[in-house]
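A.B. asks: Fold the following, please.
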Amino acid sequence: MFWQRLKRIWFPVVAAQFTLLVAYGRLYRYLINHSVLVKFDWIWMDLVFPALIVAIIHFVVLNRGIRLLKFNYLSSDWKEIYHIIAFATVAVPTIIATHYLKNSEGELIYVDHPQEVLNSDTERFFRIPYFSLDKGNGGIYYEVRNSGKYNQHLSFGAFICSPLKFQDSISSDKVWVGVRYYDKISSRSDSAVREERFQQFAAESREKYRKAPSQRVRYFEMVLTGRERNNYLEAIDISRIEVGSRDSILILEMEYEPFNERGERTLAWLYHVTIGSDILWFLMLILPGIKDRETAAEKSSRKRMNADMWKILTPSKELLVIPIVFHLNLLVFLAMVISGVSLVHPSSADLIQWGALFKLLVQEGEWWRMITCAFLHAGVLHLILNLGVLLLTGVFIEFNMSNLSLAITYLLSILGGSAASLWWNTATVAVGASGAIFGILGCILVLALRNRFEGVDRSYLVRMVTIYIGINLLFGLSGGIDNAAHIGGLTTGAICGFFVSFFKSPIKTN
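C.D. replies: Numbers count the residues shown, from 1 in each chain. Predicted structure coming up:
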């Protein structure tokens with residue numbers, strides 16, 4: 001019996017892991033060596049594409065075996081944990097491998113003149129025996145953004161770029177050397193503490209750069225894409241030198257470790273994670289049993305679940321508002337990423353450009369930001385969390401409420417959340433659908449309290465919604481989360497629910 005579990009579940013996962021490691025590793029190495037990756041932000045090839053490939057493999061192949069597991073002494077909910085572990089067992093080693101290949105692939109090229117760097121189309125690593133930095137003509141760009149899973153940190157970044165001087169030649173306006181420094185504090189700090197710490201960080205960064213030991217530089221690595229390159233280009237724009245087109249600028253970073261030792265630590269991580277995940281997956285198959293095949297009832301349930309999911313995501317007469325809002329949020333985020341906005345940590349400047357809520361601009365007449373901000377998100381994690389809760393809460397209420405009533409409630413909750421955010425915050429860049437989602441929760445809570453749902457445990461529903469609201473508001477106290485928008489949306493949604501309850505007889509839940 002255990003052999004059947006190994007044969008039908010363990011071996012396919014390990015085989016998928018090994019095949020993806022080899023195949024994607026070869027593809028990644030080819031793209032690096034042929035300079036194709038210059039056109040991409042690293043995060044796409046390092047994270048997004050491997051995750052998508054594993055998701056397809058999991059859905060088509062691995063899912064079949066895991067469905068056959070049976071848990072005699074454990075809750076069937078454990079099956080979801082097995083899906084997650086199987087996904088991670090295949091995906092994580094490949095993601096680590098891309099990081100290793102990115103740092104280890106490529107040859108070290110010796111150059112004596114700026115033109116040799118400019119003529120290298122496919123090289124990333126350079127050894128320059130005699131050089132200096134024209135620090136007097138350099139520029140510095142500061143980045144301030146929220147970071148952390150719950151935006152609990154306020155991160156500072158200093159990006160300093162100076163023209164590179166080869167031997168005794170004049171500064172090159174096309175080859176620059178960049179150095180970056182980082183620091184962070186709690187986003188709950190008041191404005192005076194933030195300003196003081198930022199000024200201290202800026203002074204420390206300039207002093208570190210002034211004392212940077214260029215004589216100990218082992219080699220240079222070219223910065224090809226990503227947020228770092230964009231921030232360096234901002235620093236170059238601030239410098240005293242006119243550089244013309246950004247596309248023609250090459251930016252190098254100084255590296256102090258020996259060239260042949262780069263990536264060794266990552267390779268050790270790759271080995272331990274791969275072996276460890278395979279052993280963990282092996283041990284996890286000891287507990288459950290395995291069935292020969294799915295029963296007719298299980299097949300029917302799975303097909304019905306897939307049909308329900310398709311129904312939820314497809315606009316229809318009875319479910320119209322939530323699918324449209326879901327797809328609008330998704331399409332806007334995809335448009336942002338395609339245009340060059342960071343997938344994980346969009347900058348405040350990018351969010352403002354796309355329509356984020358910012359008090360100063362609203363006061364200048366850009367009132368439409370009070371609505372557009374609800375369709376923007378500060379990274380893919382923010383988007384996934386909000387859309388997940390939107391589907392859970394929105395589908396429940398729309399099946400039991402008219403499309404028009406829900407559309408009005410959603411829109412008013414957006415405006416209520418934005419108004420509260422503007423009233424409470426002075427210089428916060430606010431985005432996200434959470435104000436409207438809290439409005440839906442407030443509407444559900446009031447309708448439940450007024451006993452407008454039939455066929456549902458009223459006390460259970462009230463308890464669960466209240467706990468969810470309370471936990472999220474408590475998380476908001478940790479900083480980096482716009483609790484004012486949450487409370488404004490919640491209050492507006494509750495008021496809408498109160499009015500709806502007067503015009504609705506008890507609703508039979510679907």
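A.B. asks: how near is Glu261 to Tyr219?
C.D. replies: 11 Å (C-beta to C-beta, to the nearest Å). C-betas here are computed from N, CA, C, even on glycine.
A.B. asks: Which one's more surrounded, the two?
C.D. replies: Using other C-beta atoms under 10 Å as the criterion, Glu261 and Tyr219 rank with Tyr219 on top: 20 against 9.
A.B. asks: give me every residue that touches the more buried one.
C.D. replies: For Tyr219, the contacting residues are Leu108, Phe125, Phe126, Arg127, Glu255, Phe259, by C-beta atoms under 8 Å, 6 or more residues apart in numbering.
A.B. asks: Hmm, Leu487 is touching Leu473, no?
C.D. replies: One thing to correct before we go on: residue 487 is Ile, not Leu. Yes: in terms of C-beta atoms under 8 Å, Ile487 counts as a neighbour of Leu473; the distance is 7.4 Å.
A.B. asks: who has more neighbours, those two?
C.D. replies: Using other C-beta under 10 Å, the more surrounded residue of Ile487 and Leu473 is Ile487, with 21 against 15.
A.B. asks: Could you list the buried residues of stretch 332-352?
C.D. replies: Across stretch 332-352, burial judged by 16 or more other C-beta atoms under 10 Å covers 332-333, 336-337, 341-348, 350-352.
A.B. asks: Among these, which one sits closest to Leu62?
C.D. replies: Leu343 (25.4 Å; C-beta to C-beta).
A.B. asks: can you give me the strands in the chain?
C.D. replies: Secondary structure of the chain by DSSP state E: the strands cover 69-70, 108-110, 125-127, 131-133, 139-147, 153-166, 175-186, 219-222, 250-255, 289-290, 453-454, 507-508.
A.B. asks: Which stretch among the ones you listed is buried most, on average?
C.D. replies: Among the strands of the chain, the stretch with the highest mean neighbour count (mean count of other C-beta atoms under 10 Å) is strand 153-166, at a mean of 22.
A.B. asks: Now do that one and strand 250-255, the angle between them.
C.D. replies: Relative orientation of strand 153-166 versus strand 250-255 (axes from the mean of the first three to the mean of the last three C-alpha atoms, to 10 degrees): 100 degrees.
A.B. asks: And the average pLDDT for strand 153-166 is what?
C.D. replies: If you average the pLDDT over strand 153-166, you get 87.
A.B. asks: just checking, what packs against that strand?
C.D. replies: Identification of packing neighbours for strand 153-166 by 3 or more C-beta pairs under 8 Å, 6 or more residues apart in numbering; DSSP states H and E yields strand 131-133, strand 139-147, strand 175-186, helix 191-210, helix 226-238.
A.B. asks: from memory Thr428 sits against Ser418, does it?
C.D. replies: No: here Thr428 does not reach Ser418: they are 11.5 Å apart, not a contact under C-beta under 8 Å.
A.B. asks: Comparing the two, which residue is more hemmed in?
C.D. replies: Neighbours were counted for Thr428 and for Ser418 using other C-beta under 10 Å; Ser418 has more, 27 against 18.
A.B. asks: isn't that one right up against Thr372?
C.D. replies: No: here Ser418 does not reach Thr372: they are 9.7 Å apart, not a contact under C-beta under 8 Å.
A.B. asks: Check the gap between Cys501 and Arg452 for me.
C.D. replies: For residue 501 the amino acid is Ser, not Cys. Noted for Ser501: a distance of 5 Å to Arg452, by C-beta to C-beta.
A.B. asks: again with Gly244
C.D. replies: 65 Å.
A.B. asks: In terms of neighbours, single out the busier of the two.
C.D. replies: Neighbour count, other C-beta under 10 Å: between Gly244 and Arg452, Arg452 has more, with 21 against 9.
A.B. asks: Next, work out how far apart that one and Phe259 are.
C.D. replies: The gap separating Arg452 from Phe259 is 69 Å, by C-beta to C-beta.
A.B. asks: With Lys211 instead?
C.D. replies: Distance, Lys211 to Phe259, by C-beta to C-beta: 24 Å.
A.B. asks: Over to Phe399?
C.D. replies: Distance of Phe399 to Phe259, given as C-beta to C-beta: 62 Å.
A.B. asks: same question, Thr491
C.D. replies: Distance, Thr491 to Phe259, by C-beta to C-beta: 60 Å.
A.B. asks: Pull the contacting residues for the nearest residue to Leu390 once chain neighbours are set aside.
C.D. replies: Spatial nearest neighbour of Leu390, excluding adjacent residues (C-beta to C-beta, 6 or more residues apart in numbering): Ile437 at 5.6 Å. Applying C-beta under 8 Å, 6+ apart, we find Ile437 in contact with Asn386, Val389, Leu390, Thr393, Gly394, Gly489.
A.B. asks: residue contacts, the first one?
C.D. replies: The neighbours of Asn386, taking C-beta under 8 Å, 6+ apart as the test, are Asn329, His377, Gly432, Ala433, Ser434, Ile437.
A.B. asks: Contact partners for the third one?
C.D. replies: Read it as Gly432. Cys373, Ala374, Leu376, His377, Ala378, His382, Asn386, Asp482, Ala485.
A.B. asks: Those residues in helices, which ones?
C.D. replies: The members of the contacts of Gly432 that map onto helices under DSSP state H are His382, Asn386, Ala485.
A.B. asks: returning to what we had before: reformat the contacts of Ile437 into a markdown table and put pLDDT and distance to Leu270 next to each item.
C.D. replies: Shown next, in a markdown table, are the contacts of Ile437 (pLDDT from 0 to 100; distance: C-beta to C-beta, whole Å):
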| residue | pLDDT | distance to Leu270 |
| --- | --- | --- |
| Asn386 | 91 | 33 |
| Val389 | 91 | 35 |
| Leu390 | 92 | 37 |
| Thr393 | 89 | 41 |
| Gly394 | 88 | 41 |
| Gly489 | 95 | 45 |
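A.B. asks: how about these, which pair is most distant?
C.D. replies: Farthest apart among these - using C-beta to C-beta - are Gly394 and Gly489, which lie 13.2 Å from each other.
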